[in-house]
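Q: Would you be able to build a 3D model of this:
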Amino acid sequence: MDARLMAACPSDDTLHRARFPTLSAAGARMLDFMRDHPHAPIYRNHSGNRLLAHEIALARAFEDEIAHAGVGWTPGQLPGWVMPFVADAFATVPFYRALGSPPRRLDDLAPVSRADFAADIARFVPDHVEAGRLLQFLTTGTTGHPMVVASHPLVAARYAAFHKRALRRAGVVQTHGAGQVGVVLLGFQQHCFTYVSVLPTMDEVGLAKINLHPNDWRHPDDRARYLDAMAPEIVAGDPISLREYAALPCTVAPRAIISVSMTLHAGLRRLLEQRFDCPVLDIYSLNEVGPVGVHDEAAGGHLLLQPRLYVEILDRDGRPVAPGERGEITVTGGFNFCLPLLRYRTGDHAALAFGESGPVLAGLSGRRPVRYFGRGQWWNNIDVTRALRPLPLSHFTLHQSEDARLVLGLAQDCLACAPAARAALAPLFDSRALDIVAIVADDKVLQYTSDLAGALV
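A: Alright, predicted model coming up:
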């Protein structure tokens with residue numbers, strides 16, 4: 001190879017130092033332990049915390065701030081930080097600067113959506129963000145537009161602050177540190193980004209992102225053996241991967257399980273709680289916003305987690321709905337300084353309530369509302385969710401065709417629940433018009449769809 005090209009190509013050691021700028025000898029041993037264990041999966045990717053020494057201190061300070069900060073505002077009264085936040089975005093963000101002067105009221109600002117970010121995410125990144133430190137996350141979701149989310153190593157590290165806040169509400173304070181595995185992130189997909197890392201804010205505790213799909217293992221039995229050997233303090237995943245986790249013959253239980261990305265049904269939550277005898281947290285989170293809320297049965301929904309995230313509920317025309325009414329969750333603020341959010345329409349729907357513990361997203365539905373016709377009337381997709389909630393389903397799909405026939409899709413390992421699912425939906429739909437099939441795809445699926453006129457709300 002030409003010497004100039006060799007000089008331009010970073011060596012493996014250089015890349016390793018870039019991924020782990022402050023890695024100690026103990027941290028390196030932890031990486032080797034997770035990657036080289038005899039029952040380890042086939043790790044297909046590389047990643048790292050990329051935190052510089054001063055950023056570790058900043059991340060720890062942020063965790064302490066979030067642990068003690070109040071979350072909430074008075075109904076009908078805008079938090080004092082919101083309009084200065086808007087003014088700063090209009091001064092530093094190209095997209096907003098092009099709009100002219102900042103609005104006098106938040107209501108005067110037109111909302112933005114995923115489509116705006118997908119068109120040109122760079123226009124939403126503030127001028128002062130150092131390009132050389134930017135990270136990008138490609139997110140496709142189950143609907144909408146594929147897009148890149150601008151981020152930063154410090155932003156990625158800040159996620160833990162909100163997870164710890166949610167865990168603390170469940171009585172769990174993380175204690176693992178050097179020489180232990182703190183977190184295992186689970187996937188269950190045909191293709192999954194997998195890697196090992198360490199968290200310098202927690203004394204280089206180990207973190208592993210693994211795929212439970214058998215394709216990523218030398219032997220299917222290695223999955224349980226590896227998880228037992230890692231003995232992670234916290235296990236996180238979506239309902240699909242967590243259901244697979246519950247089916248494995250693991251003997252070592254985590255102190256808590258965190259479910260993200262998709263709706264966690266009550267039946268699956270109870271199954272996980274009984275299987276592992278630990279708290280199971282359902283956290284509503286988006287790549288663009290980070291962790292938004294944690295489900296709290298007593299509070300009546302998902303309790304907000306971020307002190308500087310203002311939530312509005314808008315109708316389809318962008319107008320605020322009446323208090324307590326359902327609409328699209330729209331957010332302003334956030335902790336990602338690479339992507340200031342001004343009235344960002346998330347595509348998810350809920351009602352906003354206020355309780356003793358703070359603002360709550362009630363009846364959260366992370367998808368576009370779809371109506372289904374059965375037994376002479378329209379049913380909200382929330383009615384379907386509620387009907388199937390008691391069943392231990394990792395995920396499901398429901399489609400109604402133009403002739404009003406319905407197809408309920410269940411994961412292959414959930415087909416035994418088909419009779420119970422049919423019975424649960426009987427009050428809504430004539431069972432003769434309902435077919436139940438296996439979901440072929442392992443990856444995320446679009447849950448609620450319909451070709452019937454009048455179905456999309």
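Q: where does the chain dip in pLDDT?
A: 1-12, 139-146, 366-369, 441-445, 457 (pLDDT under 70).
Q: max-length strand in it?
A: Scanning the chain for the strand with the most residues, using DSSP state E, yields strand 341-355.
Q: and the next helix or strand after that strand, how far from the chain's centre?
A: Under the assignment DSSP states H and E, the closest C-terminal helix or strand after strand 341-355 is strand 358-365. Offset of strand 358-365 from its chain centre (Cα atoms, centre = their mean, to the nearest Å): 16 Å.
Q: Name the residues that touch strand 358-365?
A: By Cβ atoms under 8 Å, 6 or more residues apart in numbering, the residues outside strand 358-365 that reach it are 70-73, 263, 284, 292-293, 296, 299-304, 311, 326, 329, 348-354, 381-382, 385. C-beta coordinates here come from the backbone N, C-alpha and C atoms, glycine included.
Q: and whatever helix or strand V407 lives in, what other elements does it pack with?
A: For V407, the host element (DSSP H and E) is strand 406-410. The helices and strands touching strand 406-410, judged by 3 or more Cβ pairs under 8 Å, 6 or more residues apart in numbering; DSSP states H and E, are strand 396-400, helix 418-425, strand 434-438.
Q: circling back to that earlier point, derive a PyMOL selection command for the buried subset of the contacts of strand 358-365.
A: Only the buried members of the contacts of strand 358-365 enter the following PyMOL selection, criterion being 16 or more other Cβ atoms under 10 Å:
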select buried, resi 71+73+263+284+292+293+296+299+301+302+303+304+311+326+329+348+349+350+351+352+353+381+382+385
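Q: quick check: angle from the longest strand of the chain to strand 358-365?
A: For strand 341-355 against strand 358-365, the angle by axes from the mean of the first three to the mean of the last three Cα atoms, to 10 degrees is 100 degrees.
Q: so what's D296 closest to, chain neighbours aside?
A: L303 (4.6 Å; Cβ to Cβ, 6 or more residues apart in numbering).
Q: hmm, back to that, please flag which of the contacts of strand 358-365 sit within strands.
A: 284, 292-293, 296, 301-304, 311, 326, 329, 348-354.
Q: How about the residue nearest to D296: which residues does it bridge to?
A: Beta-bridge pairing of L303 under DSSP bridges involves V294, V360.
Q: Dump stretch 220-235 to CSV, restricted to CA.
A: Presented in CSV, the C-alpha positions along stretch 220-235 are these (Å, rounded to 0.1, in the frame of the first residue of the first chain):
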residue,chain,number,x,y,z
PRO,A,220,-28.0,-21.6,20.8
ASP,A,221,-27.2,-22.8,24.4
ASP,A,222,-24.4,-20.2,24.7
ARG,A,223,-27.0,-17.4,25.1
ALA,A,224,-28.0,-18.4,28.6
ARG,A,225,-24.5,-19.5,29.5
TYR,A,226,-23.1,-16.1,28.5
LEU,A,227,-25.7,-14.1,30.2
ASP,A,228,-25.2,-16.0,33.4
ALA,A,229,-21.5,-15.5,33.2
MET,A,230,-21.9,-11.8,32.6
ALA,A,231,-24.4,-11.5,35.5
PRO,A,232,-25.5,-8.0,34.4
GLU,A,233,-27.0,-5.7,37.0
ILE,A,234,-29.5,-4.2,34.5
VAL,A,235,-30.9,-5.9,31.3
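Q: where does F188 fall, phi/psi-wise?
A: When read as degrees, to the nearest 10, the backbone of F188 gives phi -150, psi 90.
Q: between the helices and strands packed on strand 406-410, which gets nearest to L248?
A: Checking the helices and strands packed on strand 406-410 against L248 by Cβ to Cβ gives strand 434-438 as the closest, at 20.9 Å.
Q: tell me what the closest one is packed against?
A: strand 406-410, helix 418-425.
Q: State the helix or strand in which the closest residue to S101 other than its chain neighbours lies.
A: In space, and not counting its chain neighbours, S101 is closest to F90: 7.2 Å by Cβ to Cβ, 6+ apart. For F90, the host element (DSSP H and E) is helix 82-92.
Q: Contacts for that helix next, please.
A: Residues contacting helix 82-92 (Cβ under 8 Å, 6+ apart): 96-97, 99, 101-103, 106, 109, 126-128, 308, 310, 332-333, 340, 342.
Q: Can you say which of the residues you listed are buried?
A: Counted by 16+ other Cβ under 10 Å, the contacts of helix 82-92 give Y96, P102, P103, L106, L109, P126, Y310, T332, G333, P340, L342 as buried.
Q: Contacts only, for the last one.
A: Yep, that's L342 we're talking about. Going by Cβ under 8 Å, 6+ apart, L342 touches F85, V86, A89, Y96, L109, V112, T332.
Q: quick one: the fifth one from A161, how far?
A: To A161, L109 is 28 Å away according to Cβ to Cβ, to the nearest Å.
Q: The nearest residue to N211 once chain neighbours are set aside: neighbour count?
A: Computed as Cβ to Cβ, 6+ apart, the closest residue to N211 that is not its neighbour in sequence is C192, at 3.7 Å. Burial measure for C192: 22 neighbouring residues, criterion other Cβ atoms under 10 Å.
Q: just checking, C192 touches D216?
A: Yes. Shown here, C192 and D216 form a contact pair, counting by Cβ atoms under 8 Å, at 7.0 Å.
Q: so G48 sits in a helix?
A: No. The assignment for G48, made by DSSP: H, G, I helix; E, B strand; the rest coil, is coil rather than a helix.
Q: dump the residue contacts of the closest residue in space to it that isn't next to it in sequence.
A: Among residues not flanking G48 along the chain, R19 sits closest, at 2.6 Å (Cβ to Cβ, 6+ apart). Neighbour list for R19: H46, S47, G48, N49, R50, S197 [criterion: Cβ under 8 Å, 6+ apart].
Q: swap in K164?
A: E63, I66, A67, V173, Q174.
Q: From D277, how far out is it?
A: Relative to D277, and taking Cβ to Cβ, K164 is found at 21 Å.
Q: do the same with Y310
A: For Y310, the distance to D277 - Cβ to Cβ - is 38 Å.
Q: can you list the domains in the chain?
A: Domain assignment for the chain by automatic domain parsing gives 23-66+172-278, 69-154+284-365, 371-450.
Q: Endpoints of the first one, how far apart?
A: Meaning domain 23-66+172-278. In domain 23-66+172-278, first residue to last residue: 32 Å (Cα to Cα, to the nearest Å).
Q: one step back: which outside residues touch whatever helix or strand comes next after the helix holding F90?
A: Counting by DSSP H and E, the element after helix 82-92 in chain order, helix or strand, is helix 94-97. For helix 94-97, the surrounding residues in contact (Cβ under 8 Å, 6+ apart) are 89-91, 102, 112, 116, 120, 122-125, 127, 342.
Q: I only care about the residues you listed that end up buried; give me the ChimeraX line for that.
A: This is the ChimeraX syntax for the buried subset of the contacts of helix 94-97, where burial follows 16+ other Cβ under 10 Å:
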select :89,90,102,112,116,124,125,342
